[in-house]
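Asks: no sequence on hand, only this structure:
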Ligand code: HEC
Ligand code: HEC
Ligand SMILES: [Ca+2]
Ligand SMILES: [Ca+2]
Ligand SMILES: [Ca+2]
Ligand SMILES: [Ca+2]
Ligand SMILES: [Ca+2]
Ligand SMILES: [Ca+2]
Ligand SMILES: [Co+2]
Ligand SMILES: [Co+2]
């Protein structure tokens, strides 16, 4: 049953050459410590990369690429693989030239340099950032064959930053200040309205991800972190925070990021990300490559409303469910990694996972969502994902009865 | 007091040009999502890199480089910056050609491919890996001017792997099996003896770090994780595990990694890493660049024996101590991030941090350690570090009375 | 000063330079005006290469006009005219982000003119209309009333909460939709797809 | 089979190929022999460029001989003869890791001979000595007894445990040692050092 199984007879007694013969790497020197001042993945991992779907947009400069979830494990997304979404391309900004302004309904309109920001108290939190459009191509039915494409608009990193509240208090929010406009310095001038309650709760003005400086495509030198809320609000290249008494209803909260229902009406300000999960392995890009026998199913679960105390997994299309095992830290508004191990009999499987969050919410089926929302709402598709596995271990994105 | 402070008069009314004039990145398109399938840091972060100290060894192929702790925040070390130590250079091994053998006092001597390993249940844990020689150059007194050099032989990542116990049980350890030899596939053929109790406790056979495949310099495709114990035991490019009834006393546990005391006798098998901490900012490579006023001190603390419930900080060379604030997850045998914010009066400072671990152990001074060990033990220097800050904010590695 | 006394006061010119956002109540509109005719010319010169002469869209670039009454259709066409709730959004967005690749290069009068033109293309104003900071608030878009505040808490959360079935939840199960038949996944998808 | 039945049994040849480790009790030694004279020639050809003709070390490459009685000195010289507890370590390490850059290319007889030579250079055996798997266990190194099991738990942990002083812990404080005076930090150290 093993990929390393030997043929019988002489070969078996002799063994595999990679063992019985000294290999170059067992004998010859490798690279010195001066070769790679900033390291990169192995040459054998070149297939592990962000991928885009060209037909989604007119131009790669205002587009998206996807995290290769099927190649990852644990809960941390490496910075080099965190999906990208931007509306005017990745801005490359010299931190010395960057400023953050607070204006509007405050006692003092302020300008901060990056050095100023580094003098406020900081916090560290692991949070997921999910684009509201993640799985948006799947509203009408199974479409993209790979969890990178169906679920890869998400990343989960440790952010370091200053509490937004600290900065707002430094400026002094006037009693009439009920909303905040966050604005980016990139060519899209990204703006979103955020209610003051959230701004004063758990938002961060972050300059580090996974320990190091934000990556340019993630808003270097500074971005907003809006835990549990849709990724579009996490304004990158953050340059301005305006306090106001009403929301702004800008393009990204009217034309986009509003959820059109079947009756022609549209939900606005759908900020929270509902609990969701996906099996990352096996999945269409990562089929089972072994025959029957011990098999690991693994995946990710998260909720914009808290932690994930439980994930259920089915291998028979939902006739019977099993509680999965969660391994790794269970942190608020962070990805959780789950596993379900079983003995595969080699017959076709229908795999699904179902997240439960700490509010008691249970991830719905896609049809349950469609009943409420129709199929034209684009955003917030957190329905249960199904992978069909055939006898050869190949996986396909399907929907089931 | 701000680096962005304006000069007076007309310039002040007009403001800074980076604000009053539209900058290229506010207007022109940046990079598309197809430009960087695997991302990298900003061009403005090129100084954030691993550095080596050339005079330490004869050749960079058997040498060390150091994590730039003074450039990082939070508790996660990005993979590209995790320090490197190898004895025959970084081996580049095709995972398809890699095998892991278990032999010796077991019921079945087994060979696993990487695919076989992926079929066992996995776990995720954030652990620090510290080289026993970290701070080893500081035994006789303050020597290297920068926490990258004094404390940078450490990294802290989320590892994903199979429990070593699971693999050993699969082979079936015989009752006489009390020790384990772990061996690497690189040109140094690295070996270390590990007592069976630890092997069956919390060790992992890991293939992922921070979500993605191990980096080549960290043992790709598979390494041993020996939580809380000295980094040399975390055998990289792991190819063999032999179960025996006695330790092997190989080169890395006799000639090296034994601690010579003043009386000429030497401790062997000093596996556990004692609790330790260091202020990463300010520090010689990261001075204070602002004048007096609000100032953030931050640093890292860790213990091979558990968590860090408390860190104390002094700014006056130990006359008065303050409890620092810990922010971010407090995980077993993982780095902890602490902060101490204060209002700097612009006068010289003597900064120290002192870690307390969950066993009640308190990080000792360097002189306390020297009393027990002399100055020739090379390894396990976990003494309290002092940085002297002058009126200009410059920092120097010193020792104090 | 605030608790920390960090940062510095923004100057009036600095606030003016960056405080360009516009709200539905007209807050933030710069002084200025522009009519449909001027807007047409500006649009053809600066915008039509992507959005089409009439805002109908070129290739996959965004469609800016049409789609009236299509929101309940199987394939709704969501444009300024058919979907957007407020005209202020249009002014604000053109001013901050368009033309794509040359953002923040238009003068206020130009933004008024182009906005007027796009409102005209969307049957909101007539051919002779001149838009200005003074009459801006008279513009109402037809779909405004169809937006409502997120009601998932009332409509969905309760239904989606509670202990789900774990055993014998269905008699049988069948595949109803397949991605392979749709076949729109990028070929270079990695893993077994290659 | 184990619980999972994963992996496969290693073949005898595979175990033989990789199971090259040697222990102080002689377990793992291959059959073979080699004397000091043969070892000298092999060492000069394969090892001396780094370690010197007599194991005295070239440049910063490791010193393999000398240092007897230096372990209590201010600058101890830790070599095979002065520090290492077991000769098996030497055989094992040469066999697995040397020569640097051509590991695992020496035959067992060659490893015996080179080991004999290095023992001779360290005054452990005389010039005529021939080392073999049979007499290996007779070799004892002088420093073996000076190694003892980690005793930090007894010697240090208790002393380093307990509530430390937080206030008025000293009357005054002075700098006693400075890194800047030593000046061995790489110039390109980043930050303010440049
Ligand atoms: C080179 C192509 C290009 C040009 C020229 C261009 N645009 Fe656009 N326009 C885009 C793209 C791309 C988007 C979507 C950007 C995004 O992803 O956020 C867009 C979005 C828009 C939108 C929002 C559409 C919606 O439904 O949300 C409006 C309105 C708009 N453009 C108006 C204009 C105007 C007015 C001009 C000229 C002054 C202009 N555009 C010039 C490419 C272009
Ligand atoms: C090209 C240089 C080079 C050559 C040739 C070389 N060595 Fe080494 N040797 C080294 C280095 C470098 C180390 C330390 C490796 C490490 O960092 O683990 C070393 C370590 C050793 C040690 C351990 C020293 C100690 O104190 O732990 C022994 C013993 C040794 N070599 C013996 C040999 C023998 C025998 C040969 C020839 C068969 C040989 N070496 C050839 C470079 C060399
Ligand atoms: Ca405003
Ligand atoms: Ca016309
Ligand atoms: Ca196809
Ligand atoms: Ca053996
Ligand atoms: Ca001679
Ligand atoms: Ca110097
Ligand atoms: Co939404
Ligand atoms: Co040790």
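Replies: Done, it's in. Remember, it's a predicted structure, so these values are computed and weren't measured experimentally. Ligands and ions are numbered 1, 2, ... in the order given.
Asks: these two touch, right, residue A:229 and residue A:274?
Replies: No. Counting by CB atoms under 8 Å, residue A:229 stays clear of residue A:274, with 11.4 Å between them. To be clear about C-beta, it is placed using only N, CA and C from the backbone, and glycine gets the same treatment.
Asks: what sits against the residue of the stretch 51-200 of chain A found nearest ligand 9?
Replies: Evaluated by CB to the ion, the stretch 51-200 of chain A has residue A:132 as its residue closest to ligand 9, separated by 4.2 Å. By CB atoms under 8 Å, 6 or more residues apart in numbering or on different chains, residue A:132 lies in contact with A:230-232, A:257, A:270, A:273, A:379-380.
Asks: what residue of chain C is the furthest out?
Replies: Residue farthest from the centre of chain C, counting by CA atoms, centre = their mean, is residue C:168 at 46.4 Å.
Asks: verify the contact between it and residue A:318 for me.
Replies: No. Checked against CB under 8 Å, the pair residue C:168 and residue A:318 is beyond contact range at 10.6 Å.
Asks: helices of the stretch 1-150 of chain A, start to end?
Replies: Under the criterion DSSP state H, counting those that start in this stretch, the stretch 1-150 of chain A contains helices at A:10-14, A:17-20, A:24-27, A:114-117, A:147-151.
Asks: can you say which of those is packed in most?
Replies: Of all the helices of the stretch 1-150 of chain A, helix A:147-151 has the most neighbours on average by mean count of other CB atoms under 10 Å in any protein chain shown, namely a mean of 29.
Asks: who does the residue of the stretch 201-350 of chain A found nearest chain D form a beta bridge with?
Replies: Going by CB to the nearest CB, chain D is nearest to residue A:294 of the stretch 201-350 of chain A, at 4.7 Å. Residue A:294 has these beta-bridge partners by DSSP bridges: residue A:343.
Asks: in contact with the one residue in chain A that gets nearest to ligand 6, which residues?
Replies: Across chain A, no residue is closer to ligand 6 than residue A:19, which sits at 14.7 Å (CB to the ion). Residues near residue A:19 by CB under 8 Å, 6+ apart: B:99, B:101, B:111, D:10, D:14, D:17-18.
Asks: can you give me how far the longest helix belonging to chain C is from the chain middle?
Replies: Longest helix in chain C by number of residues (criterion: DSSP state H): helix C:108-121. Averaging C-alpha positions (CA atoms, centre = their mean, to the nearest Å) puts helix C:108-121 15 Å from its chain's average.
Asks: hmm, it in reach of chain B?
Replies: No. Using CB under 8 Å from any CB of the partner chain, helix C:108-121 stays clear of chain B, with a minimum separation of 14.1 Å.
Asks: tell me which of the contacts of residue A:132 is nearest to chain C?
Replies: The closest of those, once distances to chain C are taken by CB to the nearest CB, is residue A:270, at 4.5 Å.
Asks: I figured residue C:54 was touching residue C:121, is that so?
Replies: Yes. Using CB under 8 Å, residue C:54 is in contact with residue C:121, at 5.3 Å.
Asks: which of the two has more neighbours?
Replies: The residue with more neighbours, out of residue C:54 and residue C:121, is residue C:121; 25 against 19, by other CB atoms under 10 Å in any protein chain shown.
Asks: who's in contact with the more buried one?
Replies: So residue C:121 contacts C:54-55, C:64-65, C:81 (CB under 8 Å, 6+ apart).
Asks: of those, which is the nearest to chain B?
Replies: Nearest to chain B, judged by CB to the nearest CB, of these is residue C:64 at 19.4 Å.
Asks: nearest residue to residue 178 in space, please, no chain neighbours.
Replies: Since you didn't name a chain, this refers to chain A. On the basis of CB to CB, 6 or more residues apart in numbering or on different chains, the spatially nearest residue to residue A:178 that is not a chain neighbour turns out to be residue A:196, at 5.1 Å.
Asks: ah, I was thinking of chain C
Replies: Leaving out its chain neighbours, the residue that sits closest to residue C:178 by CB to CB, 6+ apart is residue A:398, at 5.1 Å.
Asks: ok, and which of the contacts of residue A:19 reach ligand 1?
Replies: For ligand 1, no contacts are drawn from these by CB under 6 Å from any ligand atom.
Asks: pull the number of nearby residues for residue 94.
Replies: I'll assume chain A. Residues lying near residue A:94 (other CB under 10 Å) number 15.
Asks: switch to chain C, please.
Replies: 22.
Asks: gap between it and residue B:225?
Replies: 55 Å (CB to CB, to the nearest Å).
Asks: ok, now which ones touch residue C:186?
Replies: Residue C:186 neighbours (CB under 8 Å, 6+ apart): A:51-54, A:149.
Asks: ok, back up a step: and the contacts of residue A:19, which of them are in strands?
Replies: Counting by DSSP state E, the part of the contacts of residue A:19 found in strands is B:101, B:111.
Asks: go ahead and flag the most central residue of chain C.
Replies: Most central residue of chain C, judged by C-alpha distance to the mean C-alpha position with CA atoms, centre = their mean, is residue C:84 at 6.7 Å.
Asks: does it touch residue A:254 like I think?
Replies: Yes. Using CB under 8 Å, residue C:84 makes contact with residue A:254 at a distance of 5.6 Å.
Asks: can you show me the strands along chain C?
Replies: C:8-9, C:33-35, C:130-132, C:147-149, C:175-178.
Asks: and for the stretch 251-400 of chain A?
Replies: A:259-260, A:266-268, A:276-281, A:293-302, A:310-314, A:322-323, A:325-326, A:336-344, A:349-356, A:386-389, A:395-400 (DSSP state E, counting those that start in this stretch).
Asks: residue A:225 contacts residue A:207, doesn't it?
Replies: No. Contact criterion CB under 8 Å: residue A:225 and residue A:207 do not qualify, at 10.4 Å.
Asks: ok, those two, which is more surrounded?
Replies: Using other CB under 10 Å as the criterion, residue A:225 and residue A:207 rank with residue A:225 on top: 27 against 23.
Asks: relative to ligand 10, how far out is the more buried one?
Replies: 40 Å (CB to the ion, to the nearest Å).
Asks: from residue D:145, how far out is the nearest residue to that residue once chain neighbours are set aside?
Replies: Distance criterion CB to CB, 6+ apart; nearest residue to residue A:225, sequence neighbours excluded, is residue A:204 at 4.0 Å. Remark: distance between residue A:204 and residue D:145 (CB to CB) = 59 Å.
Asks: of those two, which one has the most company?
Replies: residue A:204 (24 against 10).
Asks: can stretch A:184-193 be found next to chain C?
Replies: Yes. Remark: stretch A:184-193 sits within contact range of chain C at A:187-189, A:191, by CB under 8 Å from any CB.
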